[in-house]
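Participant: Pasted the sequence and its predicted model underneath.
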There are 2 protein chains.
Amino acid sequence: MLSPTEFVDTHRPAGGRRSGKRDVIVGVFLEQQGHIGADQLVDVVRARDARISRATIYRTLQWMVDAGIARRVDFGDGRFRFEHAYRHPRHFHLICRQCQQSYEFLSSDVEALVEEVAATRRFTAQEAVVQIYGICEACSAGRPTADEPEPVETVFARDALRVAIATERSGLTFYTRAAKKAKDARGRAVFQRLASEEREHLGTLEARYRELVSADPALESRPAFLFFKGASDGLFAAGADELLQKGVDDRQALLIGIRCERASHRFFKKYGERFEESEGKRIFLEFAAEEREHCDLLVREYKALVERERSRAQAGRTRRRA
Amino acid sequence: MLSPTEFVDTHRPAGGRRSGKRDVIVGVFLEQQGHIGADQLVDVVRARDARISRATIYRTLQWMVDAGIARRVDFGDGRFRFEHAYRHPRHFHLICRQCQQSYEFLSSDVEALVEEVAATRRFTAQEAVVQIYGICEACSAGRPTADEPEPVETVFARDALRVAIATERSGLTFYTRAAKKAKDARGRAVFQRLASEEREHLGTLEARYRELVSADPALESRPAFLFFKGASDGLFAAGADELLQKGVDDRQALLIGIRCERASHRFFKKYGERFEESEGKRIFLEFAAEEREHCDLLVREYKALVERERSRAQAGRTRRRA
DNA sequence: ATAGATGCAAACCCTTTGCACATTA
DNA sequence: TAATGTGCAAAGGGTTTGCATCTAT
């Protein structure tokens, strides 16, 4: 995992020079949780070094945005806010009109729909902004707004694990059902093996989840950051059609498995790549790599199987010819 | 359908005074298509009456926003734009970073997800902003941007009809399937009747659709304004479970029908109510009313049926007692 | 008569910039 | 030393406002 300094260094553009003041500003900025306005940042920075001018802070903010260290967000109130990308995934916002507090969330389903709309309109989407304006729970309950910021990093990691677990579960269910339905003994054996592999992997993920939660028991009850409804469901639907025609042999079963694992790999890779350095990103990419590995294994087996079949057929032909 | 003047009058707040200049500004504003910046509006208004000051125009814009005649939108470029609500449904935006042109769309699926997120976080959502930034088709193809604005009003009407038709179709499929599966003769009869009613209604809607399209043949090929994927699918899923247990009698069949029609009614009512005066709104509300009527009819039948059964049982008991 | 609408210009707010000076590679 | 970074103050742009003056009810 990158330290803040390493994170900045990997983003530092070439040809620039190091400057103590900029370092102070960037350092102070990265310490902030959530969003901060330029004016507010000026106050915080000045507390550390009073001789830093407002212009430099604006210029540094721009520099960070260009470098990909900061993201500029617009809540429609005529001023910009900035949030850092370090251990902080890209997200959408719920914005309270009463206390001005903002809450973060992400929805893979919304993202998928947005992509679909853009594709239909032949629009090359670069970035999507989703903001829900209204009144937050604390305000509508008359309670004072809790100032403690959400620990987005850990919650994101939790949710990434949840998505991975849900995917494994849906894979397990799928393969189990497939094994039951398969009439062909070899096909059934393949599905059973796939199911047991999913079960094993599921165990690993669940252990990891328990570990994460035991480090902070309150984590489990925190509201969701990443919303995912259909994201993982669709991955195994690809194989559902073939399931209906129950005469699936081992070759076909492997093909179905390959397709499912590949879909899963793609989904997690795409999702993981979207984020800046964060634990959740790592979980997504790890999971993607594991699915990929599993997929490759199945492909190798498939090839071996086809090869065996081919040579057997060849042998038969030779025998017949003889 | 309200005229622009009537539209403004229904929104005019109490206690205010009529003023010729404001009328001019509002009139000019309502003539605009799509979005317009304050500065741009100043130019257009001044062309009509050069003695209207910039301050009055800003004040009138604020007045229109407060009255619900105009919506203020923020594309993140430091200035606000305004769009009118008259015959112009609320919507989301695709914003081209090259030509600054913006395109409108609406997605009931995105809206449903957004509501779900808000509900999960116990956030009272008032308004959602969805903006997709990127490069539009014209710009990425190197073609000049077409200046002709999209005829949102008609396209919305088209899409509203499409949603209604899709819903009827899914209802027709559902009832037909139910009729086939039902073992009980009376239950089957109810489903068959429901199916034939859906078929009839579908015919009406399709005729209306053809009429709309024949008025403007190019309409059919215009890109979607309203995206709806799952919106209508779920309405009939509610009854799917009962279908599996095939021993559905007429009473139960009526209950399933009532539930489906009611879900459909609610969906269209909720959707229709979201919009300002527009043809699409009218279609949604009409359709909602028709579903409601159908639902009420089924409820009356259901009650009559239950009553008949009750009195028959009573008669049986009396006879037995005698 | 009086609350509300308008014009003008100034004020506002947040942000960017020109220019002289300081710093870093 | 040559390219970058910084400070200061001023300018910029979009928007709002104070106040005197109208004007509709």
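Facilitator: That came through fine.
Participant: Tell me which residue in the stretch 201-322 of chain A sits closest to DNA strand D.
Facilitator: With CB to the nearest atom of the strand as the measure, residue A:276 is the residue of the stretch 201-322 of chain A nearest to DNA strand D, at 21.7 Å. (C-beta placed from N, C-alpha, C; glycine too.)
Participant: Let me see the contact set for that residue.
Facilitator: Applying CB atoms under 8 Å, 6 or more residues apart in numbering or on different chains to residue A:276 gives the contacts A:68, A:85-90.
Participant: didn't residue A:287 look like it was pressed against residue A:162?
Facilitator: No - in this structure, residue A:287 is not within contact of residue A:162 by CB atoms under 8 Å, at 11.6 Å.
Participant: Compare the two (neighbour count), which wins?
Facilitator: More neighbours surround residue A:287 than the other of residue A:287 and residue A:162, with 26 against 17 (other CB atoms under 10 Å in any protein chain shown).
Participant: Check the gap between the more buried one and DNA strand C for me.
Facilitator: Distance check for residue A:287 against DNA strand C: by CB to the nearest atom of the strand, to the nearest Å, it reads 38 Å.
Participant: That residue sits in which helix or strand?
Facilitator: Of the helices and strands defined by DSSP states H and E, residue A:287 is found in helix A:279-321.
Participant: Would you mark the buried spots in stretch A:204-212?
Facilitator: Neighbour-count burial for stretch A:204-212, counted by 16 or more other CB atoms under 10 Å in any protein chain shown, picks out A:205, A:208-209, A:212.
Participant: buried stuff in stretch A:3-21?
Facilitator: Buried residues in stretch A:3-21, counting neighbours by 16+ other CB under 10 Å, are found at A:4, A:7-8, A:11.
Participant: Please apply the same query to stretch A:273-286.
Facilitator: For stretch A:273-286, by 16+ other CB under 10 Å, it's A:275-281, A:283-285.
Participant: Which one of those residues is nearest to chain B?
Facilitator: Taking CB to the nearest CB as the measure, chain B sits nearest to residue A:280 out of the buried residues of stretch A:273-286, at 17.6 Å.
Participant: can you pull the pLDDT of the closest one?
Facilitator: What the model reports for residue A:280 is a pLDDT of 91.
Participant: for the one 10 residues further on, same thing?
Facilitator: Listed pLDDT for residue A:290 reads 95.
Participant: what sits against it?
Facilitator: By CB under 8 Å, 6+ apart, the neighbours of residue A:290 are residue A:201.
Participant: got the residues of the stretch 1-150 of chain A near DNA strand C?
Facilitator: For the stretch 1-150 of chain A, the residues in contact with DNA strand C (CB under 7 Å from any atom of the strand) are A:17-20, A:37-39, A:54-55, A:58-59, A:62, A:78-80.
Participant: Just the buried subset of these, please.
Facilitator: Counted by 16+ other CB under 10 Å, these give A:38, A:80 as buried.
Participant: List the ones among the residues of the stretch 1-150 of chain A next to DNA strand C that fall in helices.
Facilitator: Those of those mapping onto helices are A:20, A:38-39, A:54-55, A:58-59, A:62, per DSSP state H.
Participant: Could you export those residues as JSON lines, including distance to residue A:158 and pLDDT?
Facilitator: Output for these, formatted as JSON lines (distance: CB to CB, whole Å; pLDDT from 0 to 100):
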{"residue": "A:20", "distance to residue A:158": "38", "pLDDT": "95"}
{"residue": "A:38", "distance to residue A:158": "32", "pLDDT": "97"}
{"residue": "A:39", "distance to residue A:158": "34", "pLDDT": "97"}
{"residue": "A:54", "distance to residue A:158": "39", "pLDDT": "97"}
{"residue": "A:55", "distance to residue A:158": "41", "pLDDT": "97"}
{"residue": "A:58", "distance to residue A:158": "36", "pLDDT": "98"}
{"residue": "A:59", "distance to residue A:158": "37", "pLDDT": "98"}
{"residue": "A:62", "distance to residue A:158": "34", "pLDDT": "98"}
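Participant: Now the closest residue to residue A:278 other than its chain neighbours. Its backbone dihedrals?
Facilitator: In space, and not counting its chain neighbours, residue A:278 is closest to residue A:87: 4.8 Å by CB to CB, 6 or more residues apart in numbering or on different chains. Dihedral pair for residue A:87: phi 50, psi 40, per degrees, to the nearest 10.
Participant: Can you get me a residue count around residue A:87?
Facilitator: Residue A:87 has 22 neighbouring residues, counting by other CB under 10 Å.
Participant: Also the one 3 residues further on?
Facilitator: Counted with other CB under 10 Å, residues neighbouring residue A:90 total 15.
Participant: Check whether it really touches residue A:271, as I assumed.
Facilitator: No - checked against CB under 8 Å, the pair residue A:90 and residue A:271 is beyond contact range at 11.0 Å.
Participant: Can you list the low-confidence ranges for chain A?
Facilitator: A:147, A:230-235, A:237-246, A:320-322 (pLDDT under 70).
Participant: Residues in contact with the longest strand seen in it: which ones?
Facilitator: The residue-count maximum for a strand in chain A (DSSP state E) belongs to strand A:124-135. Contacts with strand A:124-135, where a contact means CB under 8 Å, 6+ apart, come from A:74-76, A:92-98, A:107, A:110-111, A:114-115, A:118, B:76, B:94, B:97, B:114, B:117-118, B:123-136, B:140.
Participant: That one relative to strand B:124-135, how many degrees between them?
Facilitator: 160 degrees (axes from the mean of the first three to the mean of the last three CA atoms, to 10 degrees).
Participant: From what I see, the residue nearest to residue A:278 and residue A:280 are in contact.
Facilitator: No - look at residue A:87 against residue A:280 with CB under 8 Å: they stay out of range, at 9.1 Å.
Participant: Now the common contact residues for these two.
Facilitator: residue A:153.
Participant: List the buried residues for the host helix or strand of residue A:24?
Facilitator: If you go by DSSP H and E, residue A:24 is part of helix A:20-31. Residues A:22, A:24-26, A:28-30 are the ones in helix A:20-31 that count as buried (16+ other CB under 10 Å).
Participant: Out of the residues you listed, the closest to residue B:187 would be?
Facilitator: Nearest to residue B:187 among the buried residues of helix A:20-31: residue A:30, at 66.3 Å, using CB to CB.
Participant: State the distance from the closest one to residue A:3.
Facilitator: Distance from residue A:30 to residue A:3, counting by CB to CB, to the nearest Å: 10 Å.
Participant: same check, this time on residue A:203
Facilitator: Taking CB to CB, one finds residue A:203 at 33 Å from residue A:3.
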